[in-house]
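Student: What follows is a predicted protein model with its sequence.
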Amino acid sequence: MRNVANKIFGAVAAGAFALTPTATFAQEAPIPANVNTSAGTAVEVETPFVTFNDTDRSIRFVQSGAAEASRDKIAIVVFSGNRDLQREAYQAALQLRDERVPLALILGPSLDPTNSSASIQVYAEGVPVFDGTGAIIGSNNADMVQPETVRMARIAYDRHFPQRVASLDLGQN
């Protein structure tokens, strides 16, 4: 009887979770950001970094979620089922997180039926920053995913959150 109750509860809980706007894939612990010394006191601020796996959702759903997630941070959407391309985008997100850029990384469904390419879109303040599908990178150029994603994210953050950019360590000399 106990196993039956656990199975029923598990099914109800899974169903309720499936109806939430975005299904959380993993949430990295926020890292301390630069110290804010306003009003003469040191206050440590955390940098938000969230990832979502919405690969089983519709393209429209993912785009809507990215727009909402990007209200106060950038949102990077990777439309691809290719794990190598997803991994490279994740490395870019980690690099940006280490530079104190608040972001959400969202894995969306593949736009390519063969899963041999990724479309990377960046959102800021609720809108896509680049026209069209953003960057499209094939699996034979997987090494380009990380630098291109970082480049696009920096442009988006610089354009849409300029007041925050001055306090970042962008690794540029």
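Tutor: Cool, the structure landed. Everything quoted here is computed from the prediction, not taken from an experiment.
Student: From here on, just use CA atoms for contacts and neighbour counts.
Tutor: OK.
Student: Next, count neighbours for D56.
Tutor: 12 (other Cα atoms under 10 Å).
Student: thought it was touching P109?
Tutor: Yes - checked against Cα atoms under 8 Å, the pair D56 and P109 is within contact range at 6.1 Å.
Student: what residues are shared contacts of these two?
Tutor: Here D56 and P109 share no contacting residue, scored by Cα atoms under 8 Å, 6 or more residues apart in numbering.
Student: Now do the contacts for V62.
Tutor: D54, V77, I106, G108.
Student: That one and P162: what is the separation?
Tutor: 26 Å (Cα to Cα, to the nearest Å).
Student: repeat for R100
Tutor: 14 Å.
Student: Could you check which of those two has the larger neighbour count?
Tutor: R100 (25 against 11).
Student: looking at this, L107 is in a helix?
Tutor: No - looking at L107 with DSSP: H, G, I helix; E, B strand; the rest coil, it is strand, so not inside a helix.
Student: Tell me, how many residues neighbour it?
Tutor: Based on other Cα under 10 Å, the number of other residues close to L107 is 25.
Student: Surely it touches R57?
Tutor: No - counting by Cα under 8 Å, R57 is not a contact partner of L107; they are 9.8 Å apart.
Student: Would you tell me what the next helix or strand after the longest strand along the chain is?
Tutor: If you go by DSSP state E, the chain has its longest strand at strand 117-124. Where DSSP states H and E defines the elements, the next helix or strand beyond strand 117-124 is strand 127-128.
Student: And for that following strand, what's in contact with it?
Tutor: When contacts are defined by Cα under 8 Å, 6+ apart, strand 127-128 is touched by residues A67, S70, Q121, V122.
Student: one step back: switch the contacts of V62 over to a markdown table; also include pLDDT, distance to P147 and neighbour count.
Tutor: Shown next, in a markdown table, are the contacts of V62 (pLDDT from 0 to 100; distance: Cα to Cα, whole Å; neighbours: other Cα atoms under 10 Å):
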| residue | pLDDT | distance to P147 | neighbour count |
| --- | --- | --- | --- |
| D54 | 89 | 23 | 23 |
| V77 | 96 | 15 | 29 |
| I106 | 96 | 17 | 31 |
| G108 | 94 | 20 | 28 |
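Student: Grab the two from those that are most spread out in space.
Tutor: D54 and V77 (9.8 Å; Cα to Cα).
Student: What pLDDT is listed against E88?
Tutor: pLDDT for E88: 96.
Student: Please report how far it lies from Q95.
Tutor: For E88 relative to Q95 (Cα to Cα), the value is 11 Å.
Student: R60 too?
Tutor: With Cα to Cα as the criterion, R60 and Q95 are 28 Å apart.
Student: all helices for the chain, in order.
Tutor: For the chain, the helices defined by DSSP state H occupy 2-18, 59-69, 83-98, 145-160, 162-165.
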